[in-house]
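>>> Predicted structure and sequence below. I'll ask about it afterward.
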Amino acid sequence: MAEPTSFLCGALRLEARLDGPDDAPRAAVICHPHPLYGGNMDNNVVDAIEHACRAAECRTLRFNFRGVGASEGGFGDFTGECDDARAALAWISEHTAGVPVVLAGYSFGALVALTVGADAAAVDRIVAVAPPLASAPKVPFAGAKLTLVVAGDADAYCPAAALAHTGEMLGARGVVRVITDGDHFLVGREREIDRAVTTFFSWAA
């Protein structure tokens, strides 16, 4: 049963929801879409990612970025939201005895996951669903970490060329899964996202 909770990022208290057993062998932190365009932790794609992570025996933490829902503060122009994700990782690590963490996100949240996950010691896997690569071509890719990128082939914010380049950058430690006829919002494609993430957890580290 999901448990409402909160954690601090500096002086800001951020709204969150924790699910899964205390003794889970893994943990997952999930980042939502752009705060200025209605993104929040109850998004349909966030739901799908979280469902797959729980099925993979993760204790999950989804949260609202600063200025969203009951989270304090205002939009942090991406840098602040990256700080939010780092604070979420620190909090989940403290509450799960330091088990390996997957950092996941959708859209704007996928860019946060890729950026923060590249350098976060606690993170051993990254899941990025529909990252808007067209507007962020210089996202760092953590070659040493297992990384899954999922996107629709009709996603205007994640063009095929950028997605192919991402696959090349990831190399053997990553994979790109393409959802046929999927746009950026992926409404009705939640099961395909769930399956892609579930399969990702079967990879050997």
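Perfect, I can see it now. Residues are numbered from 1 along each chain as shown.
>>> Just checking, which helix or strand of this protein averages the lowest pLDDT?
Taking all helices and strands of the chain together, the one with the lowest average confidence (mean pLDDT, DSSP states H and E) is helix 160-170, at a mean of 87.
>>> tell me what that one is packed against?
Helices and strands in packing contact with helix 160-170 are listed as strand 146-152, strand 174-179; criterion 3 or more C-beta pairs under 8 Å, 6 or more residues apart in numbering; DSSP states H and E. All C-beta spots, glycine's among them, are computed from the backbone N, C-alpha and C.
>>> Go through it and flag the buried ones.
By 16 or more other C-beta atoms under 10 Å, the buried positions in helix 160-170 come out as 162-163, 166, 170.
>>> returning to what we had before: make a markdown table out of the helices and strands packed on helix 160-170 and add mean pLDDT and mean neighbour count.
Putting those into a markdown table (pLDDT from 0 to 100; neighbours: other C-beta atoms under 10 Å) gives the following:
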| stretch | mean pLDDT | mean neighbour count |
| --- | --- | --- |
| strand 146-152 | 96 | 25 |
| strand 174-179 | 94 | 17 |
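>>> got CSV for those, with distance to residue 12 too?
Shown next, in CSV, are those (distance: least, C-beta to C-beta, whole Å):
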stretch, distance to residue 12
strand 146-152, 29
strand 174-179, 32
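>>> nearest to residue 130, of those?
Residue 130 lies closest to strand 146-152 among these, at 5.1 Å (C-beta to C-beta).
>>> returning to that earlier point: orientation of the least confident helix or strand of the chain relative to strand 174-179 in degrees?
For the pair helix 160-170 and strand 174-179, the angle between their directions (axes from the mean of the first three to the mean of the last three C-alpha atoms, to 10 degrees) equals 150 degrees.
>>> So what touches the helix of greatest length in the chain?
For the chain, the helix reaching the highest residue count under DSSP state H is reported as helix 79-94. Outside helix 79-94, the residues that touch it by C-beta atoms under 8 Å, 6 or more residues apart in numbering are 7-10, 12, 14, 16, 27, 29, 31, 35, 59, 61, 63, 65-66, 73, 75-76, 99, 101, 103, 105, 108, 112-113, 115-116, 120, 122-123.
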